[in-house]
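Q: Fold the following, please.
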Amino acid sequence: MQFAALFASALALAGSALATSRRSEIPQATIVVEASHGGAGQGLTNTTIIVPVGPVYINRGDLDAVSTLYLTDVQGYPLDRVSCTPYRSTDGSGTHGRPFTSTEPSLLSTNTVQIGSIVCQTI
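A: You can find the predicted model right below:
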């Protein structure tokens, strides 16, 4: 009986480690969301978000007030091989700003605008 419990525990631990390993293999982009509250360059706040490379990313809280988007890091691909695009809609449609890379941010407004979603892709 103890062997069965020990074996089941070992299987559960191995499954958990495998799931964690697979999660860390998902390519991810680190994006800094800058918001200018009160006009050009006034009351700046920065929030860092982690966006998967490939699927549409939605984050109602952090994308509600955006002035500029910066791509600062990528896990799973070379930094210079990823581009991200902000969209008006939560389904990744209706371009809302220029695509941005690690060398070229997306300047959306001197105030703030609401972004529906972001899609990051390899280039």
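
Q: pLDDT-wise, which helix or strand of the protein ranks last?
A: None of the helices or strands of the chain scores lower by mean pLDDT, DSSP states H and E than helix 2-24, at a mean of 45.

Q: Tell me which helix or strand comes right after that one.
A: Past helix 2-24, heading to the C-terminal end, the next element that is a helix or strand (DSSP states H and E) is strand 28-36.

Q: Could you report the separation of the residue nearest the centre of the chain from residue 38?
A: Averaging the C-alpha coordinates of the chain gives a centre point, and the residue nearest to it by CA atoms, centre = their mean is residue 51 (1.6 Å). Distance check for residue 51 against residue 38: by CB to CB, to the nearest Å, it reads 27 Å. Bear in mind the C-beta positions are built from the backbone N, C-alpha and C, glycine included.

Q: Tell me, how many residues neighbour the nearest residue in space to residue 42 that is not next to it in sequence?
A: If the residues on either side of it in the chain are set aside, residue 42 comes closest to residue 36, at 6.1 Å by CB to CB, 6 or more residues apart in numbering. Other residues within reach of residue 36 by the criterion other CB atoms under 10 Å amount to 20.

Q: residue contacts, residue 36?
A: With contacts defined as CB atoms under 8 Å, 6 or more residues apart in numbering, the neighbours of residue 36 are 42, 43, 44, 67, 68, 109, 110, 111, 112.
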